[in-house]
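Asks: Give me a model of this one.
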Amino acid sequence: PDLGDGGLHESAGEEMIALTSRLREAAALVNRINAQKFPVMLTRILGKLHLRNTQIFSDAEREQLCEMFSLNATDMETVLQACAYVFEQAAYHIIRPDVLSEQLHEAGMDDEHCEAISTVWAESATEFVGKLKQQTMSGPLQLSGSQYRLHLMMGESQLSTLQEPTALFQFALGNPEASAAADRVGEELVVEFSHSELYGFFQKLENIQQQLDRLS
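Replies: Sure, this is the predicted structure:
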């Protein structure tokens, strides 16, 4: 897509990236990262994000990132997943770099890190979206398994009640018709739903099921 004003969506107040509690948590962690070194990691993520069955960073590289950014392994994984999620959503909605920066700022990310992400996106969006389109032409992935767990966020005070309970779903995707065994294995997709989002999702599934029933 063209990265000019005519090629990417206007925000028009629409929240194209869901500002979940997990994304806000990741934004707070990103703010602690060295902003000068952050773009190097972002470029690596965006450069390999389209590849299936490929680990973007090796275990040794993840340890180096933890040391470089003074984060533990769990927090580092949260940051990596969040960055990948942001780029995937930006590609899906074809979001302009400035709009992407605005939405990340709303999630709690500071100006310096918002600018880093939007700059990398502006430089590589066209190439990344093109690679995703190439993959789509090879055939859709199919659901081969799923798991879920609850994610409970505590309030700021220890005396406060639980806030923002969410459900995390992990979907295993694969392409059983692929010629190469590695391509048949597919990938894993993690999705977070709030109570209202989950209810809306199941309503859509119910509608789809009813339409399929009418066709059968």
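
Asks: Just the buried residues of the helix or strand encompassing residue 199, please?
Replies: Per DSSP states H and E, residue 199 falls inside helix 195-215. Of the residues in helix 195-215, residue 198 count as buried by neighbour count, 16 or more other C-beta atoms under 10 Å. For every residue, glycine as well, the C-beta is placed using N, CA and C.

Asks: Same check on stretch 120-129?
Replies: Buried residues in stretch 120-129 (16+ other C-beta under 10 Å): 120, 121, 122, 123, 124, 125, 128, 129.

Asks: how about TSV for those, with distance to residue 210 added?
Replies: TSV is the format used below for those (distance: C-beta to C-beta, whole Å):
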residue	distance to residue 210
120	43
121	39
122	43
123	45
124	41
125	37
128	36
129	33
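
Asks: Can you name every helix or strand that the helix holding residue 199 contacts?
Replies: Judged by 3 or more C-beta pairs under 8 Å, 6 or more residues apart in numbering; DSSP states H and E, helix 195-215 is in contact with strand 162-174.

Asks: Just checking: what are the partner strands of the strand it packs on?
Replies: strand 142-154 (antiparallel), strand 187-194 (antiparallel) (DSSP bridges).

Asks: between the ones you listed, which has the poorest average model confidence?
Replies: Note on the strands paired with strand 162-174: lowest mean pLDDT is at strand 142-154, with a mean of 79.

Asks: what is the orientation angle of that one with helix 195-215?
Replies: Interaxial angle, strand 142-154 versus helix 195-215 (axes from the mean of the first three to the mean of the last three C-alpha atoms, to 10 degrees): 160 degrees.
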